[in-house]
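1. Got a sequence here, can you model it:
(one chain, ligands or ions: 1)
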Amino acid sequence: MRPYIHDDFMLHSDAAVRLYHDYAAAEPIFDYHNHLPHAAIADDHVFADLAEIWLGGDHYKWRAMRANGVAERFCTGDASPFEKFEAWAATVPQTLRNPLYHWTHLELKRYFGIDTLLGPETAREIWDTANTQLAGMSVQSILRDQKVAVAGTTDDPADSLATHQRIAALNLSTKVYPTFRPDKAYALADPAAFNAYCAKLGATAGRGEIASFDDLLAALEQRHADFHAVGGRLSDHGLETALAEPCTLAEARAIFLKVRDGNTPSPEEQLGFGSLLMLEFGRWDAKRGWTKQLHLGAMRNNSARAYLELGPDCGFDSIGDYRQAPALVKYLSSLDETGELPKTIVYNLNPADNYMLATLVGNFQDGVTAGKMQFGSGWWFLDQKEAMEWQMNALSNLGLLSRFVGMLTDSRSFMSFPRHEYFRRTLCNLLGSEMANGELPPDFELVGGMVKNICFANARNYFGLAVDPSYSG
Ligand SMILES: O=C[C@H](O)[C@@H](O)[C@@H](O)[C@H](O)C(=O)O
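-> Residues are numbered from 1 along each chain as shown. As a prediction, the model looks like this:
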């Protein structure tokens, strides 16, 4: 019997099969945005078992388990690794039609050659088979075997870059770069946390105390330059909406001092402070030829109880229904006006905003850099077949799919790289069906060439991140 994950999985036409196998499958992976723990790369960590590599940090799985009635102890709690795995295995058959079902079996197949469907009866057998193989795998061997040319981690400017320097010195074929994500530099709602953050940033930047807004700016810009020096070329911001409230330097200075004294600024002041910083960040990105990523629209930490018990990023976030267009236009236009708009990728969490965003970014293309403004690939809850098709359809109809820099995992797990395969199959299936019905020409060099570019070359050319010659394509 044909295994569930077979060569032509998700490819529903001969054209799709040919596109995938001849143009997509062999392309290396350019994972320009993820949340991988970089210390595990530097240390070439070997995972103790399938629970550690697969369940730790994976809030998608925890969410599904909770929805299946599994107690917290087996998600984020103190149950043993095998108990957690068993709870996950019992959940998997209940995830039919959720992307987790596809990812799970793709991952088992690609990492361990396992064709058996995961469920309560097969849990033990799969656990044993995978664990035996995991003992002989290390993080660096995984990156090599999965043909990961680039991994872009997510880093706070207050964090040290020592691990990244260690990784660079290893000269791996996978190049690992930090991404500048300064969300905490404008999180003023909790003055104590902000002041602690300033102390940490001042120490990391080697500038001593941050006693003024000007000190804060100087320390952040220095970290931006430090990130550049280790090869970083991307920034990232997780925001409900873009920040674009007017705020003068004098106002920002006064707001800083207010927080410094332990007082919480008004919501307007917080917005203004963040807006001013965002303009600065945009200018630095433009000046150094970086790409700015804006992840817009997540409504986070919605269960007060769970937030108190577990903290952020544990699976209690959802799609927000914020109004995105006005502030985003204002922000991009302010930078554009002075010629300081960097290459930008806007990721959207609410699919209702797809058409709005795909047209909005089009206003800022500059006629110089092809694909400068990107409508980013399906993010988080939209990182699944249906929503990836929505995103690619909106982009095709309102912009240039051919210039799309493609997929990223956004993951915290070293087992997530097959999500690129999942995306590629979805892309080839979409295009293949239109070749089959005659809406796209039967020209494999033309359509396949675009597929190849979206899988790798577009990202390689766009970001300006150095790639090992073995992956230069
Ligand atoms: O895919 C989902 C993610 O890993 C999600 O947890 C992140 O996108 C994260 O919240 C972030 O803010 O960058």
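
2. Show me the longest helix that occurs in the protein.
-> helix 267-287 (DSSP state H).

3. any low-confidence regions in this protein?
-> 473 (pLDDT under 70).

4. okay, now the domains of it?
-> Here the domain parsing of the chain from automatic domain parsing is 14-47+139-471, 48-137.

5. Quick one: distance of the longest one to the chain centre.
-> The reference is to domain 14-47+139-471. 6 Å (CA atoms, centre = their mean, to the nearest Å).

6. what does the shortest one give?
-> How far domain 48-137 lies from its chain's middle: 22 Å, per CA atoms, centre = their mean.

7. Any idea how far apart the tips of that domain sit?
-> 10 Å (CA to CA, to the nearest Å).

8. Check the burial of the residue of the stretch 101-250 of the chain found nearest the ligand by counting its neighbours.
-> Nearest to the ligand, among the residues of the stretch 101-250 of the chain, is Gly238, at 3.8 Å (CB to the nearest ligand atom). The C-beta positions use only the backbone N, C-alpha and C, and glycine is treated the same way. As a burial measure, Gly238 scores 15 neighbours (other CB atoms under 10 Å).

9. Same question for Tyr32.
-> Residues near Tyr32, counting by other CB under 10 Å, number 25.

10. Next up, the contacts around it.
-> Val150, Gly152, Leu234, Val405, Leu408, Ala459, Phe463, Leu465 (CB atoms under 8 Å, 6 or more residues apart in numbering).

11. Let's see that with 10 Å instead.
-> 150-152, 177, 179, 233-234, 291, 293, 345, 405-409, 459-460, 462-463, 465 (CB atoms under 10 Å, 6 or more residues apart in numbering).

12. Buried among those? Need that as a selection in ChimeraX.
-> In ChimeraX, a selection of the buried entries from the contacts of Tyr32 looks like this (16 or more other CB atoms under 10 Å):
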select :150,151,152,177,179,233,234,291,293,345,405,406,407,408,409,459,460,462,463,465
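
13. and the contacts of Tyr32, which of them are in helices?
-> Counting by DSSP H, the part of those found in helices is Ala459, Arg460, Tyr462, Phe463.

14. ok, and the closest non-adjacent residue to the third one?
-> Read it as Tyr462. By the measure of CB to CB, 6 or more residues apart in numbering, the closest residue to Tyr462 outside its immediate chain neighbours is Val405, 5.0 Å from it.

15. what does the stretch 151-300 of the chain have sitting close to the ligand?
-> Gly238, His295 (CB under 6 Å from any ligand atom).

16. ok, which stretches of the stretch 151-300 of the chain are helices?
-> Assigned by DSSP state H, counting those that start in this stretch, the stretch 151-300 of the chain shows helices spanning 162-170, 191-204, 213-229, 249-260, 267-287.

17. Now mean neighbour count too, for these, in JSON lines please.
-> Output for the helices of the stretch 151-300 of the chain, formatted as JSON lines (neighbours: other CB atoms under 10 Å):
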{"stretch": "helix 162-170", "mean neighbour count": "16"}
{"stretch": "helix 191-204", "mean neighbour count": "17"}
{"stretch": "helix 213-229", "mean neighbour count": "19"}
{"stretch": "helix 249-260", "mean neighbour count": "17"}
{"stretch": "helix 267-287", "mean neighbour count": "20"}
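
18. so what's the residue positioned nearest the centre of the chain up against?
-> With distances taken as CA atoms, centre = their mean, the residue of the chain nearest its centroid is Asp410 (2.8 Å). Asp410 is in contact with 31, 33-35, 154, 295, 347, 377-380, 383, 416, 419, counting by CB under 10 Å, 6+ apart.

19. If any of those are buried, put those into a ChimeraX selection.
-> Buried members of the contacts of Asp410, defined by 16+ other CB under 10 Å, are picked up in ChimeraX with:
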select :31,33,34,35,154,295,347,377,378,379,380,383,416,419
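
20. of all the contacts of Asp410, which comes closest to the ligand?
-> Distances from the ligand to these, taken by CB to the nearest ligand atom, are shortest for Trp380, at 4.1 Å.
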